[in-house]
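Novice: Need a 3D model of the following:
(one chain, ligands or ions: 3)
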Amino acid sequence: MTQLNQNQITLTRPDDWHLHLRDDLALQRTVVDTARIFGRAIVMPNLRPPVISTALALDYKSRIVKNIPADSQFQPLMTLYLTDNTSADEIYRAKESGVVHAVKLYPAGATTNSDAGVTDLKHCYNALDAMQKIGMPLLVHGEVTSADIDVFDREKVFIDQVLIPLINDFPELRIVFEHITTSNAAEFVATASENIAATITPHHLLLNRNDLLVGGIHPHHYCLPVLKRNTHQQALIQAATCGSKKFFLGTDSAPHPRSGKETSCGCAGIYSAHAAIELYAEAFEAAQALDKLEAFASFNGADFYRLPRNEDKISLVKESWDVPETLSFADSSLVPMRAGKQIHWKVVS
Ligand SMILES: NC(=O)N[C@@H](CC(=O)O)C(=O)O
Ligand SMILES: [Zn+2]
Ligand SMILES: [Zn+2]
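Specialist: Ligands and ions are numbered 1, 2, ... in the order given. Modelled structure (predicted):
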């Protein structure tokens, strides 16, 4: 990475390894915002109905591609939604398509649109076996769902109850522990085998649970896994900036209409695609680790997914700009991360 000075950085074009684009009219917003900066993105399959087959993934991809601006080289990388019924054949079809790059595990009931998710991983052993054989990564929303487990502990308990047994049974399975939020997860990944990696979001680097709960409740900071205490935030910053190849950029940008967030039972998800790399630059600068941003954003994910790194570059300058209060979203609007406030890095073309 060429760091010209403290006020400008140039890095290889980054990729987003965990992204929600939604569907239909929403794609006009989400695809354009992500394609502005990112070369590729791993597209989450939690639509209604979920993307459970290669055929559905191909259809979804064609709807996404229609919304890519003509001057963009952006490539959506598709995923399948794992269910209790996913067959080994479906995994082989996914691999052969060249279009599906990973399979996503949502424990049933864990998060937005996860009702069709997995009730017990034992139902998925044929599919997991096939994935292990062909090197297809399993992406996990790593939270248990039992009512008796506190929402702040669900990630840590997932490691003990689900992830460790899974790795014991499938030691060669390539796994991405998505959107990690705790020191427990960061430590676990750092010391696990090279088959285990993790994505980290901009909001879990920049925010902690005070930003959700102090001075009133802030529904636009509600996401899953929920923001944790600041010691966990510090552990994530350390993991992202320490130079380890196991941690990489995944925004988990997850738009919901304003009306779905500002209500008596609000949806989980934070929209960051309008300014994702700029927000990461802020987090890395605050940790005095801007020199580590390029590997995190542009190398480690591509290497884990065994895809070529991007070749072109983007540049950011340290310049503050105002984030709008709202952005148009399908037939309504959404409130983006940092709405009505400033972001202190800006991409220059
Ligand atoms: N992260 C979230 O809070 N929400 C995501 C689902 C997910 O990634 O768990 C969504 O699809 O809205
Ligand atoms: Zn998730
Ligand atoms: Zn997500």
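
Novice: First-to-last residue distance for stretch 226-234?
Specialist: The separation between the terminal residues of stretch 226-234, taken as CA to CA, to the nearest Å, is 15 Å.

Novice: tell me which residues of that stretch are tucked away?
Specialist: Judged by neighbour count (16 or more other CB atoms under 10 Å), stretch 226-234 contains these buried residues: V226, L227, K228, H232, Q233. Yep, even glycine has a C-beta here, placed from its N, CA and C like the rest.

Novice: likewise stretch 68-84?
Specialist: By 16+ other CB under 10 Å, the buried positions in stretch 68-84 come out as I68, F74, Q75, P76, L77, M78, T79, L80, Y81, L82, T83.

Novice: Could you tell me which of the residues you listed belong to strands?
Specialist: Cross-referencing the buried residues of stretch 68-84 against strands under DSSP state E gives Q75, P76, L77, M78, T79, L80, Y81.

Novice: The last one reaches S53, doesn't it?
Specialist: This means Y81. No: between Y81 and S53 there is no contact under CB atoms under 8 Å: 9.2 Å.

Novice: Flag every residue of this structure that's near ligand 2.
Specialist: Counting by CB under 5 Å from the ion, the residues of the chain lying close to ligand 2 are T111, H141.

Novice: need the contact list for the residue of the stretch 101-250 of the chain found nearest ligand 2.
Specialist: Proximity of the stretch 101-250 of the chain to ligand 2 (CB to the ion) peaks at H141, 3.6 Å away. With CB atoms under 8 Å, 6 or more residues apart in numbering as the criterion, the residues that contact H141 are K104, L105, Y106, P107, A110, T111, S114, E178, H179, L224.

Novice: Quick check on Y92: phi, psi?
Specialist: Phi and psi for Y92, reported as degrees, to the nearest 10, are phi -70, psi -40.

Novice: Kindly report the same for S315.
Specialist: phi -130, psi 140.

Novice: residues contacting R209?
Specialist: With contact set as CB under 8 Å, 6+ apart, R209 has these partners: F152, V226, L227, K228, R229.

Novice: Please apply the same query to Y81.
Specialist: For Y81, the contact set (CB under 8 Å, 6+ apart) comprises P45, N46, P50, V51, I52, V103, K104, Y106, A116, G117.

Novice: quick revisit: please report how far the residue of the stretch 101-250 of the chain closest to ligand 2 lies from C242.
Specialist: In this view, H141 and C242 are 24 Å apart by CB to CB, to the nearest Å.

Novice: One more: A198?
Specialist: Counting by CB to CB, the gap from A198 to C242 is 12 Å.

Novice: again, but for N300
Specialist: Counting by CB to CB - N300 and C242 are separated by 12 Å.

Novice: Between those two, which is the more surrounded one?
Specialist: Under the criterion of other CB atoms under 10 Å, the comparison of N300 against C242 puts N300 first, with 24 against 15.

Novice: can you give me how far the host helix or strand of that one is from the chain middle?
Specialist: Secondary-structure assignment from DSSP states H and E places N300 in helix 300-304. Relative to its parent chain, helix 300-304 has a centroid offset of 14 Å by CA atoms, centre = their mean, to the nearest Å.

Novice: same for it, what does it pack against?
Specialist: Helix 300-304 makes packing contacts with strand 196-200, strand 247-249 when contacts are defined by 3 or more CB pairs under 8 Å, 6 or more residues apart in numbering; DSSP states H and E.

Novice: can you list these in JSON lines and add mean neighbour count?
Specialist: Listed next are the helices and strands packed on helix 300-304 as JSON lines, based on neighbours: other CB atoms under 10 Å:
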{"stretch": "strand 196-200", "mean neighbour count": "26"}
{"stretch": "strand 247-249", "mean neighbour count": "27"}
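
Novice: contacting residues for G39?
Specialist: Shown here is G39, whose contacts under the criterion CB under 8 Å, 6+ apart are R13, P14, D15, Q73, F74, Q75, N310, D312.

Novice: Please look at the fifth one and I64 and confirm they touch.
Specialist: Spelled out, it's F74. No: counting by CB under 8 Å, F74 sits too far from I64 to count as a contact (9.1 Å).

Novice: where do the contact lists of those two overlap?
Specialist: Taking CB under 8 Å, 6+ apart as the contact rule, the neighbours common to F74 and I64 are V31.

Novice: Just flag the most distant two among the contacts of Y81.
Specialist: Spatially, the most separated pair among the contacts of Y81 is V103 and A116, at 13.8 Å (CB to CB).

Novice: can you pull the contacts of L105?
Specialist: By CB under 8 Å, 6+ apart, the neighbours of L105 are L82, G117, V118, L121, C124, L138, L139, V140, H141.

Novice: State the number of residues packed around the fifth one.
Specialist: This means C124. In terms of burial, C124 registers 22 neighbours under the definition other CB under 10 Å.

Novice: Show the contacting residues for it.
Specialist: Residues touching C124, when contacts are defined by CB under 8 Å, 6+ apart, comprise L82, D84, T86, L105, V118.

Novice: Okay then, goodbye and thanks.
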